[in-house]
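Asks: Okay, predicted coordinates and the sequence, questions at the end:
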Amino acid sequence: GESVGLHLPTLSVQEGDNSIINCAYSNSASDYFIWYKQESGKGPQFIIDIRSNMDKRQGQRVTVLLNKTVKHLSLQIAATQPGDSAVYFCAENTGGFKTIFGAGTRLFVKA
Amino acid sequence: GAVVSQHPSRVICKSGTSVKIECRSLDFQATTMFWYRQFPKQSLMLMATSNEGSKATYEQGVEKDKFLINHASLTLSTLTVTSAHPEDSSFYICSARDPQGAVDTIYFGEGSWLTVV
């Protein structure tokens, strides 16, 4: 099956600080990108998405930035809370509704 | 509430037996569903695309005879792991596309833990 990487880098932040999680995607033809949050033992939970004709999109406490030139995606979480601790995956969709997940980043929030 | 349900959430089976995992869309009809496998501390790997009324499309390296997918109705896709072995132990997750929603409306199930002993 397809995958992007087999590692889980870790990001540790202090409660209240902002978090930035980065992701490099592989397919320049991808036109839709999604960030998911996955808690232990559960399925992925949608956080925010962005289309390739945009470079920034904001949600509640979260912002996604897209740089198509270098195929880079980032998720910014403002005022990180303990409940934000989870694994975060970026995912790309190349059409046909097939969603390919990136390697994931584990976020630890220290109280 | 959940719009995609998986059953069972956990299953233990003996090596050599087959086990079936169900994925149901609860509030919509899903013409397309997807099956993923996730090993501990790894990402979700797409296994196959399940199309209602037709054969599933498998990703490279996924054995179609080992992972049987049936999408017999617009609300149900099943994944059967045949002749399961301990290395098949994993977290299996399905997702379903809502065709009435935006093109990018994909919902994920809560996953099914398979342990082969």
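Replies: Yes, it's here. In this text, all values refer to a predicted model and were calculated from it rather than measured experimentally.
Asks: shaky segments in chain B?
Replies: Flagging of chain B using pLDDT under 70 yields the residue ranges B:1-2, B:101-104.
Asks: got the residues of it near chain A?
Replies: B:6, B:32, B:34, B:36-37, B:41-47, B:49, B:59-62, B:91, B:93, B:95, B:97, B:103-104, B:106, B:108-111, B:113 (C-beta under 8 Å from any C-beta of the partner chain). C-beta coordinates here come from the backbone N, C-alpha and C atoms, glycine included.
Asks: if we look at whichever helix or strand B:L114 is part of, which residues are touching it?
Replies: Using DSSP states H and E, B:L114 maps to strand B:112-116. Contact with strand B:112-116 is made by A:41, B:6-15, B:19, B:21, B:81, B:84-93, as judged by C-beta atoms under 8 Å, 6 or more residues apart in numbering or on different chains.
Asks: ok, back up a step: just the buried ones from the residues of chain B next to chain A, in ChimeraX syntax?
Replies: Entered in ChimeraX, the line below selects the buried ones among the residues of chain B next to chain A, by 16 or more other C-beta atoms under 10 Å in any protein chain shown:
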select /B:6,32,34,36,37,42,43,44,45,46,47,49,59,62,91,93,95,97,104,106,108,109,110,111
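Asks: can you map out the strands along the chain?
Replies: Answering for chain A, as no chain was given. Assigned by DSSP state E, chain A shows strands spanning A:10-14, A:19-24, A:32-38, A:45-51, A:56-58, A:62-67, A:72-77, A:86-93, A:99-101, A:105-110.
Asks: other chain: chain B
Replies: Ranges of strands in chain B, per DSSP E, are B:4-7, B:10-13, B:19-25, B:32-38, B:44-51, B:57-58, B:67-73, B:76-81, B:90-97, B:106-108, B:112-116.
Asks: quick one on the thing from earlier: buried set for the strand holding B:L114?
Replies: B:S112, B:L114, B:V116.
Asks: Distance from the chain centre to it, please.
Replies: Here the centre of strand B:112-116 is set off from its chain's centre by 12 Å, with C-alpha atoms, centre = their mean, to the nearest Å.
Asks: Pull up the pairing partners for it, direction included.
Replies: Strand B:112-116 has the following sheet partners, assigned by DSSP bridges: strand B:10-13 (parallel), strand B:90-97 (antiparallel).
Asks: closest to A:K71 out of those?
Replies: Proximity to A:K71 (C-beta to C-beta) singles out strand B:90-97 among the strands paired with strand B:112-116, at 23.4 Å.
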